[in-house]
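Here you go, sequence then predicted model.
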Amino acid sequence: MQDAAPRLKGLVEQLLGTPLPLRVRAWDGSEAGPPAAPALVVRNRRALRRLLWKPGELGLARAWVSGDLGIEGDLYTALDLISGLVWERGEDARGLGAALRDPEVRAAVRGLVGMAGLPLPPAPPPEEVRRRRHLHTRRTDRSAISHHYDVGNDFYALVLGPSMVYSCAYWQEGATLEEAQRDKLELVARKLALKPGQRLLDVGCGWGSMAVHAARDHGVRVVGVTLSQEQAAYARKRVAEEGLTDWVEIRVQDYRDVTDGPYDAISSIGMAEHVGAERYLEYAETLGRLLAPGGRLLNHQIGRRPQRDESSYAVDAFIDAYVFPDGELAPVGTTVALLERAGFEVRDVEALREHYALTLRRWVANLEAGWSRAVRLTGVGRARVWRLYMAASAVAFERNQIGVNQVLAVKTPGTSGSSGMPLRARTWT
């Protein structure tokens, strides 16, 4: 009898206390749920065991990465519907104990256990990082960066396109991804008021896009630092091909070990998310010491919504285990406050939330178009991780669960109070 899907749908709805907005297709070929909705494809009983042993986001992620769970239909629609059940409700192991006091919930769990079969927990997919302490030492930061960025330059080129810029683009109507990324780099350069002969420190320089842009288009001498060996090798090759070896130096170096200041400007684009809450003031003070008086810092950083009780903040389980180990997000207000504590004067904050959603959708389209090659380059599990992470992040930006902000700050010299900034806001010259 093919009845796994209706049974599963009923038990999940009993467990959640709300209708399931997705269609369910089970391993026995049965289906249940709204016919026009995307289908949650439960390919085997192991998917249920993963969810029972790790309720909430991490269990779903393990089932997805391993291929035990899939989506048929529009992935963004499915994730948007799931986000209301998981991310916004906060369904995870921490709330399971209280939920199990409800007799109906206990009955639903017993039903799922009966459907799941053998009670032993499945091994996590090999792509999962099992470390859970956010120390942010030089060694642990280097390891975390390597996990994310040393996936292979060919894989990143497939996803990011020719710009090799791994942060949100700056969109205008009709622009290509390449054009929007160029406009973002130019926006950063204008906010920093880069001029020929100046020195720029690009913290977390990635594949060298900002360094090349600043040197080639603005006549600036650049030092770019990264902890990724693969990024550095790619960036150095790119610098040489552009004929900029006398203008750009790429180092494999922790920003805390940079000692050759002062610099006229510092760009930190998509790097501060790796710093960690306990290290953020140190990060800001370090960059302040490296800036010349009157120098500008452009900090481009993903931020989360503030919580009523900030002590309850927990790092996203899927992102921490599969994407950015040790990554931490902070509200933009916290970032601004810590930059000011470090001695900076914050002059402008620009929110680019919708721009990142658009960028992520383009990256997902690139990955899907080159799926077979992506699997050959990095393996099917890692490719699944990236598709889920980028699509879910796009939905999170669209739903205002997370944002991204460019914070422009100035190291105001001495007691003169002169910022060197224009009187008219957002002139950037």
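Sure, I can see it.

check which helix or strand covers residue 184.
helix 177-191 (DSSP states H and E).

Tell me which other helices or strands the helix or strand that that helix is followed by touches.
Going down the chain from helix 177-191, the next helix or strand is strand 199-203, by DSSP H and E. Strand 199-203 is packed against helix 209-218, strand 221-226, strand 263-269, with contacts defined by 3 or more Cβ pairs under 8 Å, 6 or more residues apart in numbering; DSSP states H and E. Bear in mind the C-beta positions are built from the backbone N, C-alpha and C, glycine included.

ok, and for strand 199-203, which residues are buried?
Of the residues in strand 199-203, 199-203 count as buried by neighbour count, 16 or more other Cβ atoms under 10 Å.

Please name every helix or strand in contact with the longest strand along the chain.
Identified as the longest strand of the chain according to DSSP state E is strand 291-304. In this structure, strand 291-304 packs against helix 177-191, strand 263-269, helix 332-341, strand 402-410, with contacts taken as 3+ Cβ pairs under 8 Å, 6+ apart.

out of these, deepest packed?
Neighbour counts (mean count of other Cβ atoms under 10 Å) averaged over each of the helices and strands packed on strand 291-304 peak at strand 263-269, with a mean of 25.

hmm, back to that, what is the nearest of the buried residues of strand 199-203 to residue 68?
Nearest to residue 68 among the buried residues of strand 199-203: residue 203, at 39.6 Å, using Cβ to Cβ.

what are the bridge partners for the nearest residue to that closest one once chain neighbours are set aside, then?
Excluding the flanking residues, the one nearest residue 203 by Cβ to Cβ, 6 or more residues apart in numbering is residue 268, at 4.3 Å. Residue 268 forms beta bridges with residue 203, residue 299, as assigned by DSSP bridges.

do residue 348 as well
Going by DSSP bridges, residue 348 forms beta bridges with residue 408.

ok, it to residue 215 distance?
Here residue 348 is placed at a distance of 24 Å from residue 215 (Cβ to Cβ, to the nearest Å).

okay, these two: which has more neighbours?
Neighbour count, other Cβ atoms under 10 Å: between residue 348 and residue 215, residue 215 has more, with 24 against 16.

what does stretch 159-169 rub up against?
Stretch 159-169 is contacted from outside by 156-157, 175, 177-178, 180-185, 206-210, 234, 238, 269-270, 300, 352, 355-356, 358-360, 362-363, 366-367, 374, 386, 390, 404, using Cβ atoms under 8 Å, 6 or more residues apart in numbering.

Lowest-scoring secondary structure element of this structure by mean pLDDT?
Across the helices and strands of the chain, mean confidence by mean pLDDT, DSSP states H and E is lowest for helix 96-99: a mean of 51.

Please pull up the helix or strand immediately following that helix.
Downstream of helix 96-99 (by DSSP H and E), the next one is helix 103-116.

so how far is that next one from its chain's centroid?
35 Å (Cα atoms, centre = their mean, to the nearest Å).

Any regions of this protein where pLDDT drops low?
1, 86-102, 131-150, 425, 428-429 (pLDDT under 70).

can you pull out the strands in it?
Using DSSP E, strands in the chain cover 23-25, 31-32, 39-42, 69-72, 199-203, 221-226, 248-252, 263-269, 291-304, 345-351, 402-410.

Kindly reformat those strands as JSON lines containing distance to residue 281.
Below are these laid out as JSON lines (distance: least, Cβ to Cβ, whole Å):
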{"stretch": "strand 23-25", "distance to residue 281": "48"}
{"stretch": "strand 31-32", "distance to residue 281": "52"}
{"stretch": "strand 39-42", "distance to residue 281": "43"}
{"stretch": "strand 69-72", "distance to residue 281": "41"}
{"stretch": "strand 199-203", "distance to residue 281": "16"}
{"stretch": "strand 221-226", "distance to residue 281": "20"}
{"stretch": "strand 248-252", "distance to residue 281": "24"}
{"stretch": "strand 263-269", "distance to residue 281": "15"}
{"stretch": "strand 291-304", "distance to residue 281": "13"}
{"stretch": "strand 345-351", "distance to residue 281": "15"}
{"stretch": "strand 402-410", "distance to residue 281": "14"}
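
Out of those, which is closest to residue 379?
Of all the strands of the chain, strand 69-72 comes closest under Cβ to Cβ, at 16.7 Å.

in its sheet, what does that closest one sit against?
Strand 69-72 has these strand partners (DSSP bridges): strand 39-42 (antiparallel).

returning to what we had before: what sits against the residue nearest to residue 203?
For residue 268, counting by Cβ under 8 Å, 6+ apart, the contacting residues are 202-204, 287, 297-301.

Mind checking which of those residues are buried?
202-204, 287, 297-301.

Return the member of those nearest to residue 314.
Residue 314 lies nearest to residue 301 out of the buried ones among the contacts of residue 268, by Cβ to Cβ, at 19.2 Å.

The closest one touches residue 334, doesn't it?
No. If you go by Cβ atoms under 8 Å, residue 301 and residue 334 don't touch, sitting 10.5 Å apart.

that older thread, turn the helices and strands packed on strand 291-304 into JSON lines, including distance to residue 34.
Listed next are those as JSON lines, based on distance: least, Cβ to Cβ, whole Å:
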{"stretch": "helix 177-191", "distance to residue 34": "34"}
{"stretch": "strand 263-269", "distance to residue 34": "42"}
{"stretch": "helix 332-341", "distance to residue 34": "38"}
{"stretch": "strand 402-410", "distance to residue 34": "28"}
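
Which one, of these, ends up nearest to residue 52?
strand 402-410 (28.7 Å).

Could you list the residues in contact with the closest one?
Under Cβ under 8 Å, 6+ apart, the answer for strand 402-410 is 168, 187-188, 191, 294-305, 329, 332, 335-336, 339-340, 344-353, 355-356, 393, 396-397, 419-421.

Could you do stretch 103-115 as well?
Contacts of stretch 103-115 (Cβ under 8 Å, 6+ apart): 4, 7-8, 11-12, 14-15, 45, 48, 51-52, 99-100, 119.

and the nearest residue to residue 292 once chain neighbours are set aside, what is it in contact with?
Closest residue in space to residue 292, ignoring its immediate chain neighbours: residue 262 at 3.8 Å, by Cβ to Cβ, 6+ apart. Shown in contact with residue 262 (Cβ under 8 Å, 6+ apart): 199, 290-292, 295.

All set now, cheers.
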